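S.K.: generate a structure from the sequence data that follows.
(2 chains)
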Amino acid sequence: MGQKAKVLVIDDDPDILDTTRLLLESRGYEVLTASGPEEGTKQLEEGRPDVVVLDIMMPHGTEGFNWLSRLRHHKDPALRSIPVIILSSIHEKTTFRFHEGEADETGEYLPAQGFIDKPIDPDLLAAKIEAVLNRS
Amino acid sequence: MRDGQEHGAGSGATQPRNELTLSEMELIERIGWLISLRWIAFVGVLSTILIVRELFTCDLPWLKLIITACTIPLYNAICLYLWQRVQRLHPERVGRSSTVLANVQISCDLVVLGALIHLSGGLENLFGFYFVFHTVIASILLSKRAAFAQATLAVGIFWIIAIGEYRGWLPHYVSPVGIRNPNLYKDPVQVFASCWVMTTSLYIAVYFATSITSRLRKREQEVMFLSKQLQQTADNLQAAYNKLAETERIKSRYLRKVAHELRSPLAAIESLLRVVAEGLHGELPEAVLNTISRARARTNELLALVRDLLALAALKEAPAESAARCTCDFNAILDEVVTLHDPQAKSRNIKIVTQVSSDAPCVYGNPEQIEELLTNLISNAIKYSYDGGTVEIRVSRSGDYLKIEVADQGIGIDESEQARIFEDFYRSKDAREFTPEGTGLGLSIVKTIVDAHGGTILVDSKKGCGTTFTVFLPAAEATDNA
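M.R.: This is a model prediction of the structure:
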C-alpha cells in the first residue's frame, strides 16, 4: 500500500488522544488530533483528513453526536461525506444502533461508518480505517 | 334510600352519596323488566276477558272490565316515559327515582288487579291469589317496609271488595269460572275466612321473601366489600412493585454511570500500557515487558468486568421487554458468534460443532440481545472446556419454541451450586479454580435476556463431565399475532 491515510482523532481524554496518535503513527498513518468539538472542526477544515475517529462522550455530554450531526450538514460536500469511526466506551451492543453502511437520512441509525470500543486495539482500528476508506 | 340502614348493616361498608346501593342497582335493572312484563300482562288480561266473554254466557260488566284492563298500558306508558326522562335528564336521581317508580307501579298493579277481581266475581274469583305474586315481587325489589306497605294495600283492597260486596256497598258480579257458588259473597263465615287466608298468605309471603332477600343482599354487600378490599390490596401491591421496579432502575442507572466512569480511565491505562509494550517509547528489558504484560492482563480483567456490568445495567435499566424486537435470523447470528469465537477455541484445540435442524424456526426478539446471549453461552462453554474438547451447539424446533443447546465436555458444575449460577457475580468454586478469567455476570446477562424474551433456560451438568445449557426462545410465527 502506498501513501497511508490522514486520520483526525477527536477525544477529550489526552491519554487516549496521545496513545491513539502514537499507535496509528507507528502503523504509518498521518494523525491530526483535537481535544474537543471546536478544535475538531478547525482541524477538519484546515487539515482535510481522509477519515475521522470520533469520541462520543466529552465533558459536556454526548457532544460527539452533535459534532457528527453538524458534519453531515457541513457546507463543503467533500467534508460532509467524510467517513467517521466512532470511538467510545459506550458499548455498541447495549446502547445505540450504528449504521455500518452509508449515512442514513432517516436518522434512525447514527450516520457513522464504523464503531470501535475503547480501549483501542490499534490493529482493529487500522483495519476499520482501511475498510471505510476502501468503501468510500 | 329508605332501606339503607338494613342493607348496609353488618358489612361496615358505607355508600358515598352519589354511589348506588346494591338494591338500587338491581332495581334500576328491574324497572325496565317490570315495564316489559306489564305489556305482556295487558295482552294476557285483555285476551282472557275476550275469551271468557266468547266461551261463557254470563252477565259480567264487559265494558268496565275492558276499560279497567286498558288502564294498564296507560299507566305503563306514563311510567316508561318518566323512567326514560329521569335516565336522560337526571342520571344522578336514577337511584331514588327507581324506588319511587317501582312503588307506584306495584301500587297501580294492585289497584287494577283489585278492580278486575271485583268486576269478575269478587271472592269467587280465584285470580285473587295473583295478589301474592305482586307482594312477592315487591318483597324482592323494595325495602322491607315498602313491601309490608304494599301487602297492606293488597289486603285492604281485598277486604274492601269482600266487605263491600257482603254489605251491598259494591255490586256483586257472578263469576263464570272459579268457585261456582253465587252466594259465597253473602256468607259471613266464608267472607271472613277468605279475607283471613288472603291476609295471612300475603303477610307470610312478604315476611319470607323479604327475610331471604335481605340476607342475600347482606351477603352480596359483604362480597362486594371484600372484593373492594381485595382490589385495594392488589392496587397497593402494584404500587409497591412499581416503586421497587423504579428503585431497581435507579440502581441500574447509577451502576451504569459508575461503570462508565470506570471504563474510561481503564481504557486509557490499557492504551498507555500498549504504547509502552509495543516499544513506541523505545526498547525495554524483558522483565519490564513481562510486568507490563501482567498489568495489561489485570486491566483487561477489570475491563471485562466493567463491560459485563454495563451490559447487565443497561438490560435492567431499560427493561429488555421494551427493546426493539423483530424476526431474527437466528442462524446468521449464531454463525457470526461462532466465527468470532473460533480463534479462541482453536488456540486450545477445542472443536466447535454446530447442528442446525432444518425445521429450526426464526426467533422474535432483539438481535443484539440474542447475540449477547449466544456470546456468553459459547464463550463459557469454551472457557470451561478441557483442551482438545468439543463444544456442540444444537438448534432445533420444540413446539412453538426454538431450542438451543450449548453442550461442552468441560469441568461441569457441582449439583449443589447449580441453583446459584444465574446469580450476579456468582462463580462456582471449580470455575474459579479452573480459570481466574470470568466476572460471574455472564449467566446473569443470559438469564435476564431469556426472561425478557419470555423464554426458559435449563442447565444439565455433571461435575467433571460437562455442562449443557438448553434455551427455549419463542418462535417468530408463534408471536406473530402478539
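
S.K.: quick one: the strands in chain A?
M.R.: With strands called from DSSP state E, chain A shows them at A:6-10, A:30-34, A:51-55, A:84-88, A:114-117.

S.K.: single out the most deeply packed of those strands.
M.R.: Mean neighbour count (mean count of other Cβ atoms under 10 Å in any protein chain shown) peaks for strand A:51-55 among these, with a mean of 25. Yep, even glycine has a C-beta here, placed from its N, CA and C like the rest.

S.K.: immediately after the longest helix anywhere in chain B, which helix or strand?
M.R.: As assigned by DSSP state H, the longest helix anywhere in chain B is helix B:188-277. Next along the chain after helix B:188-277, taking DSSP states H and E as the criterion, comes helix B:286-317.

S.K.: quick check: buried residues in that next one?
M.R.: Buried residues in helix B:286-317, counted by 16 or more other Cβ atoms under 10 Å in any protein chain shown: B:292, B:296, B:299, B:303, B:305-317.

S.K.: same deal with stretch B:442-460?
M.R.: Neighbour-count burial for stretch B:442-460, counted by 16+ other Cβ under 10 Å, picks out B:442-450, B:452-455, B:457.

S.K.: now swap in stretch B:121-140 and tell me
M.R.: For stretch B:121-140, by 16+ other Cβ under 10 Å, it's B:121-125, B:127-128, B:130-132, B:134-140.

S.K.: helices or strands next to the helix or strand of chain A with the lowest mean pLDDT in the packing?
M.R.: Ranked by mean pLDDT, DSSP states H and E, the weakest helix or strand in chain A is strand A:114-117, scoring a mean of 82. Secondary-structure packing of strand A:114-117 (3 or more Cβ pairs under 8 Å, 6 or more residues apart in numbering or on different chains; DSSP states H and E): strand A:84-88, helix A:122-135.

S.K.: ok, the helix or strand encompassing residue B:396: who's next to it in the sheet?
M.R.: Taking DSSP H and E as the criterion, residue B:396 maps to strand B:390-398. The strands beside strand B:390-398 in its sheet (DSSP bridges) come out as strand B:351-356 (parallel), strand B:401-408 (antiparallel).

S.K.: pLDDT of it, averaged?
M.R.: Strand B:390-398 comes out with an average pLDDT of 94.

S.K.: which residues are contacting it?
M.R.: B:330-331, B:334, B:338, B:345, B:350-357, B:359-361, B:378, B:381-382, B:385, B:402-409, B:472, B:475 (Cβ atoms under 8 Å, 6 or more residues apart in numbering or on different chains).

S.K.: may I see the buried residues of that strand?
M.R.: Applying a neighbour-count criterion of 16+ other Cβ under 10 Å, one finds B:390-396 buried in strand B:390-398.

S.K.: what do you get for stretch B:108-123?
M.R.: The neighbour-count check on stretch B:108-123 (16+ other Cβ under 10 Å) flags B:108-123 as buried.

S.K.: for the stretch 201-350 of chain B, what lies in contact range of chain A?
M.R.: Counting by Cβ under 8 Å from any Cβ of the partner chain, the residues of the stretch 201-350 of chain B close to chain A are B:260, B:263-264, B:266-268, B:270-272, B:274-275, B:278, B:280, B:303, B:307, B:310-311, B:314-315.

S.K.: geometrically speaking, which residue is the centre of chain B?
M.R.: When Cα atoms, centre = their mean is applied to chain B, the residue found nearest the centroid is residue B:231 (10.7 Å).

S.K.: quick check: that one vs residue B:238, distance?
M.R.: Counting by Cβ to Cβ, to the nearest Å, the gap from residue B:231 to residue B:238 is 10 Å.

S.K.: chain neighbours aside, what residue packs nearest to residue B:403?
M.R.: residue B:396 (5.1 Å; Cβ to Cβ, 6 or more residues apart in numbering or on different chains).

S.K.: what's the answer for residue A:131, then?
M.R.: Closest residue to residue A:131 apart from its sequence neighbours, by Cβ to Cβ, 6+ apart: residue A:114 at 7.1 Å.

S.K.: for that neighbour, which residues make a bridge with it?
M.R.: residue A:85.

S.K.: quick check: pLDDT value at the residue of the stretch 51-200 of chain B found nearest chain A.
M.R.: Residue nearest to chain A within the stretch 51-200 of chain B: residue B:91 (50.0 Å; Cβ to the nearest Cβ). Per-residue pLDDT puts residue B:91 at 82.

S.K.: again, but for the one 5 residues further on
M.R.: You'll see residue B:96 listed with a pLDDT of 84.

S.K.: can you check the one 4 residues further on too?
M.R.: Confidence at residue B:100, expressed as pLDDT, is 90.

S.K.: what strand or helix carries it?
M.R.: Using DSSP H and E, residue B:100 maps to helix B:94-119.

S.K.: now residue B:331
M.R.: helix B:330-346.

S.K.: then that helix to PDB, C-alphas only?
M.R.: Extracted in PDB, the C-alpha atoms of helix B:330-346 (Å, rounded to 0.1, in the frame of the first residue of the first chain):
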ATOM      1  CA  PHE B 330     -31.000 -16.900  14.400                       C
ATOM      2  CA  ASN B 331     -28.600 -18.900  12.200                       C
ATOM      3  CA  ALA B 332     -26.900 -15.800  10.900                       C
ATOM      4  CA  ILE B 333     -26.400 -14.500  14.400                       C
ATOM      5  CA  LEU B 334     -25.100 -18.000  15.500                       C
ATOM      6  CA  ASP B 335     -22.600 -18.100  12.600                       C
ATOM      7  CA  GLU B 336     -21.300 -14.700  13.400                       C
ATOM      8  CA  VAL B 337     -20.800 -15.600  17.100                       C
ATOM      9  CA  VAL B 338     -19.200 -18.900  16.300                       C
ATOM     10  CA  THR B 339     -16.800 -17.300  13.800                       C
ATOM     11  CA  LEU B 340     -15.900 -14.700  16.400                       C
ATOM     12  CA  HIS B 341     -15.000 -17.500  18.900                       C
ATOM     13  CA  ASP B 342     -13.200 -19.700  16.500                       C
ATOM     14  CA  PRO B 343      -9.700 -18.300  17.200                       C
ATOM     15  CA  GLN B 344     -10.200 -18.700  21.000                       C
ATOM     16  CA  ALA B 345     -11.300 -22.300  20.500                       C
ATOM     17  CA  LYS B 346      -8.600 -23.200  18.100                       C
END
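
S.K.: quick check: buried residues in it?
M.R.: For helix B:330-346, a neighbour-count test (16+ other Cβ under 10 Å) marks B:330, B:333-334, B:337-338, B:341, B:345 as buried.

S.K.: nearest to residue B:156, of those residues?
M.R.: Of all the buried residues of helix B:330-346, residue B:156 sits closest to residue B:330, with 84.8 Å by Cβ to Cβ.

S.K.: so where is chain A shaky, pLDDT-wise?
M.R.: A:1-2, A:61, A:89-110, A:135-136 (pLDDT under 70).

S.K.: got the contact list for residue 28?
M.R.: I'll assume chain A. Contacts of residue A:28 (Cβ under 8 Å, 6+ apart): residue A:4.

S.K.: my question was about chain B, not that one.
M.R.: By Cβ under 8 Å, 6+ apart, the contact list for residue B:28 reads B:20, B:94-95, B:98.

S.K.: same question, residue B:429
M.R.: Going by Cβ under 8 Å, 6+ apart, residue B:429 touches B:414, B:417.

S.K.: how about the spatially most central residue of chain A: which residues does it bridge to?
M.R.: In chain A, the residue lying closest to the centroid (Cα atoms, centre = their mean) is residue A:53, at 2.1 Å. Counting by DSSP bridges, residue A:53 is bridged to residue A:9, residue A:85.

S.K.: give me the neighbour count for the residue in the stretch 101-250 of chain B positioned nearest to chain A.
M.R.: When scored by Cβ to the nearest Cβ, the stretch 101-250 of chain B has residue B:249 as its residue closest to chain A, at 15.1 Å. Residue B:249 has 15 neighbouring residues, counting by other Cβ atoms under 10 Å in any protein chain shown.

S.K.: and the pLDDT for the residue nearest to it when sequence neighbours are not counted?
M.R.: Excluding the flanking residues, the one nearest residue B:249 by Cβ to Cβ, 6+ apart is residue B:317, at 5.5 Å. pLDDT, residue B:317: 71.
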